[in-house]
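Asker: dropping a prediction and its sequence here:
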Amino acid sequence: MKTPLQKLWEISVWLFALLIVALWLTLFTTKLTEASDSTLKPQAGNRKLVFVQVFDKDKFVDSLTLSDFEIMLDSQPASPQGLALVKGLKVRRTEGREITSPIIPRVFILEFRSYLYDQKFGQMVESLFRRPYSPSDLIYLVTPLKPYSFSSQTLRDYLPEELINAGITILKRDLSAVGKTQDELIQDMTALILDLQQSSSPRDVLRQYQQNLDNLRSFRKFSDANLFRAAFQFAGLRAQKHYLLVCQQEFIPIPTNEMIDRLLANQATMFQASELFRSLSHGQEENLESLIKELTASGLRVDFLYFKTNPRPRPEVQMKEISTDMFDIYSRLARATGGLVESTATPAAQLKKILENSENYYLISFDVEMPEESLRESNIPELIIRIKNLNYSQNYSLKFFLL
């Protein structure tokens with residue numbers, strides 16, 4: 001017969017065993033619930049970050065809240081979870097889920113595709129280096145000779161005046177070195193046109209003019225090397241990326257209309273004159289599809305500033321523009337990457353506007369209810385952003401990053 005103490009011991013053992021079983025069942029049920037929820041809820045890998053700018057005309061709209069945004073990614077609804085408003089490179093307001101490091105780096109690549117230095121280029125360099133920069137920003141100055149890097153450390157260690165002087169010195173030196181030969185060609189072509197008025201052998205003069213024109217065209221061939229290099233270099237960088245192309249309006253000397261008519265009336269020169277002056281074509285047909293694809297995939301935005309100038313006056317000649325082909329090429333690149341196309345006589349003011357706009361933006365984090373594999377399979381996911389009940393025009397650029 002069991003004693004009361006033995007009975008109490010057996011009851012305690014059974015209670016302990018039942019407690020272990022209850023705990024095991026609780027844990028197992030919890031795991032099942034978590035596994036079930038994981039098939040319904042977006043995982044951390046499906047959290048994305050979008051960079052958004054909203055303008056009312058030229059004014060940045062800074063009054064939007066998280067509830068004002070509707071987001072669709074590849075026709076799938078996205079749930080906005082967090083917002084950070086950055087204005088003047090400072091976080092002014094946050095809402096919802098915290099966004100880590102809302103001051104994202106900026107990359108500015110300023111390329112001058114010109115062979116003559118202009119004082120307004122110096123004003124552009126001044127606008128570039130007088131803006132505020134965050135410690136993670138990068139600046140590149142690209143001339144026809146080579147690129148120059150201004151790291152975040154350089155931007156911190158040197159005064160704006162020192163950076164401005166260095167940039168202007170670089171531009172003057174490199175553009176002068178490249179432009180010397182081209183300017184000499186322009187002068188030779190001008191002299192040949194003047195010779196036409198008195199030459200006893202206009203065909204020989206036109207032949208020399210043709211040679212100079214061909215040499216000049218060789219300097220003006222479109223090159224995509226720098227753009228491809230930038231797209232590859234910054235493809236994986238979480239940043240605003242601006243490639244600023246500055247192209248100067250170009251002119252060549254041709255005879256006056258009266259002289260052209262005389263050449264066309266002469267059977268010995270009519271075909272040469274017609275090809276050179278009446279059907280003057282400098283168009284460059286470029287297949288830009290692969291370049292646009294790389295620029296878009298890397299998130300590199302091309303902004304095109306077409307610097308309008310007055311042709312240098314020359315006696316007894318007229319000046320004909322030859323840069324329309326480059327305008328067409330660079331405009332296509334800018335529009336395809338969401339950039340600006342500005343034809344202006346004040347490029348420094350336009351550059352300042354681009355720099356100021358880059359300082360103001362929203363970062364919105366959102367959840368995507370679609371498998372990560374689907375996102376990886378989409379080369380460029382289609383993003384649609386709507387502002388609820390507001391009639392604002394949108395200028396938005398977007399990047400996707402895992403939080």
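Answerer: Received it, and whenever you're ready, just let me know what you need. Just so we're clear, the structure is a prediction, and the values are computed from it rather than from any experiment.

Asker: quick one, longest helix in the chain?
Answerer: The longest helix of the chain (DSSP state H) is helix 160-196.

Asker: pretty sure Pro147 sits against Ile139.
Answerer: No - checked against C-beta atoms under 8 Å, the pair Pro147 and Ile139 is beyond contact range at 10.7 Å. Backbone N, C-alpha and C define where each C-beta goes, glycine included.

Asker: now the common contact residues for these two.
Answerer: Ile109 (C-beta atoms under 8 Å, 6 or more residues apart in numbering).

Asker: list the contacts of the residue sitting nearest the centre point of the chain.
Answerer: With distances taken as C-alpha atoms, centre = their mean, the chain has Arg301 as the residue nearest its mean C-alpha position (1.8 Å). When the contact criterion is C-beta under 8 Å, 6+ apart, the partners of Arg301 are Gln240, Lys241, His242, Tyr243, Leu295, Thr337, Gly338, Gly339, Ser397.

Asker: who does it bridge with?
Answerer: With DSSP bridges applied, the residues forming beta bridges to Arg301 are His242.

Asker: the closest residue to Glu321 other than its chain neighbours: how many residues sit nearby?
Answerer: Of all residues beyond its chain neighbours, the one nearest Glu321 is Phe251 (5.5 Å), with distances taken as C-beta to C-beta, 6 or more residues apart in numbering. Phe251 sits with 17 neighbouring residues when counted by other C-beta atoms under 10 Å.

Asker: show me what contacts Phe251?
Answerer: Taking C-beta under 8 Å, 6+ apart as the definition of contact, the neighbours of Phe251 are Pro311, Arg312, Met319, Lys320, Glu321, Ile322.

Asker: beta partners of the fourth one?
Answerer: What it means is Lys320. In this structure, Lys320 has beta-bridge partners Ile252, where bridges are defined by DSSP bridges.

Asker: Phe121 touches Asp174, doesn't it?
Answerer: No - under the criterion of C-beta under 8 Å, Phe121 lies out of contact with Asp174, with a separation of 11.0 Å.

Asker: so these two - more neighbours on which side?
Answerer: Each of Phe121 and Asp174 has its neighbours counted (other C-beta under 10 Å); Phe121 has more, 23 against 20.

Asker: now that one. Nearest residue, chain neighbours left out?
Answerer: On the basis of C-beta to C-beta, 6+ apart, the spatially nearest residue to Phe121 that is not a chain neighbour turns out to be Leu171, at 5.6 Å.

Asker: distance of the one you found relative to Ala268?
Answerer: Distance, Leu171 to Ala268, using C-beta to C-beta, to the nearest Å: 46 Å.

Asker: okay, the two: which has more neighbours?
Answerer: Counted by other C-beta under 10 Å, Leu171 and Ala268 do not tie: Leu171 has more neighbours, with 22 against 12.

Asker: from Arg207, how far off is the more buried one?
Answerer: According to C-beta to C-beta, Leu171 stands 36 Å off from Arg207.

Asker: now Ala166
Answerer: For Ala166, the distance to Arg207 equals 45 Å [C-beta to C-beta].

Asker: ok, these two, which is more surrounded?
Answerer: Comparing Ala166 with Arg207 by neighbour count (other C-beta under 10 Å), the higher total belongs to Ala166, at 17 against 12.

Asker: contacts only, for that one.
Answerer: For Ala166, the residues meeting the contact criterion (C-beta under 8 Å, 6+ apart) are Tyr158.

Asker: all strands of the stretch 1-150 of the chain, in order?
Answerer: 47-52, 54-56, 59-60, 69-73, 76-87, 90-96, 106-113, 138-142, 147-150 (DSSP state E, counting those that start in this stretch).

Asker: would you format the ones you listed as JSON lines with distance to Glu162 included?
Answerer: Conversion of the strands of the stretch 1-150 of the chain to JSON lines gives the following (distance: least, C-beta to C-beta, whole Å):
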{"stretch": "strand 47-52", "distance to Glu162": "31"}
{"stretch": "strand 54-56", "distance to Glu162": "34"}
{"stretch": "strand 59-60", "distance to Glu162": "31"}
{"stretch": "strand 69-73", "distance to Glu162": "42"}
{"stretch": "strand 76-87", "distance to Glu162": "28"}
{"stretch": "strand 90-96", "distance to Glu162": "25"}
{"stretch": "strand 106-113", "distance to Glu162": "17"}
{"stretch": "strand 138-142", "distance to Glu162": "14"}
{"stretch": "strand 147-150", "distance to Glu162": "11"}
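
Asker: out of those strands, nearest to Asp214?
Answerer: Between Asp214 and the strands of the stretch 1-150 of the chain, the tightest spacing by C-beta to C-beta is seen for strand 106-113, at 19.9 Å.

Asker: angle of that closest one against strand 138-142?
Answerer: 10 degrees (axes from the mean of the first three to the mean of the last three C-alpha atoms, to 10 degrees).

Asker: next, the angle helix 160-196 makes with strand 106-113.
Answerer: Strand 106-113 runs at 20 degrees relative to helix 160-196, counting by the same axes, to 10 degrees.

Asker: now for the closest residue to Leu138 other than its chain neighbours: which residues touch it?
Answerer: Nearest residue to Leu138 in three dimensions, chain neighbours excluded: Val107, at 4.9 Å (C-beta to C-beta, 6+ apart). Contacts here follow C-beta under 8 Å, 6+ apart; on that basis Val107 touches Asp137, Leu138, Ile139, Tyr140, Phe234, Leu237, Ala239, Gln240, Lys241, His242.

Asker: can you give me the neighbour number for the residue lying closest to the fifth one once chain neighbours are set aside?
Answerer: Right, Phe234. The spatially closest residue to Phe234, leaving aside those adjacent along the chain, is Lys241, at 5.4 Å (C-beta to C-beta, 6+ apart). Each residue near Lys241 was counted by other C-beta under 10 Å, and the total is 26.

Asker: do Gly88 as well
Answerer: Here the number of neighbours of Gly88 (other C-beta under 10 Å) works out to 9.

Asker: separation between it and Arg131?
Answerer: Remark: distance between Gly88 and Arg131 (C-beta to C-beta) = 10 Å.

Asker: what's the answer for Phe108, then?
Answerer: Following C-beta to C-beta, the distance that separates Phe108 from Arg131 is 9 Å.

Asker: give me the common contacts of the two.
Answerer: Common neighbours of Phe108 and Arg131, counting by C-beta under 8 Å, 6+ apart, are Leu355.
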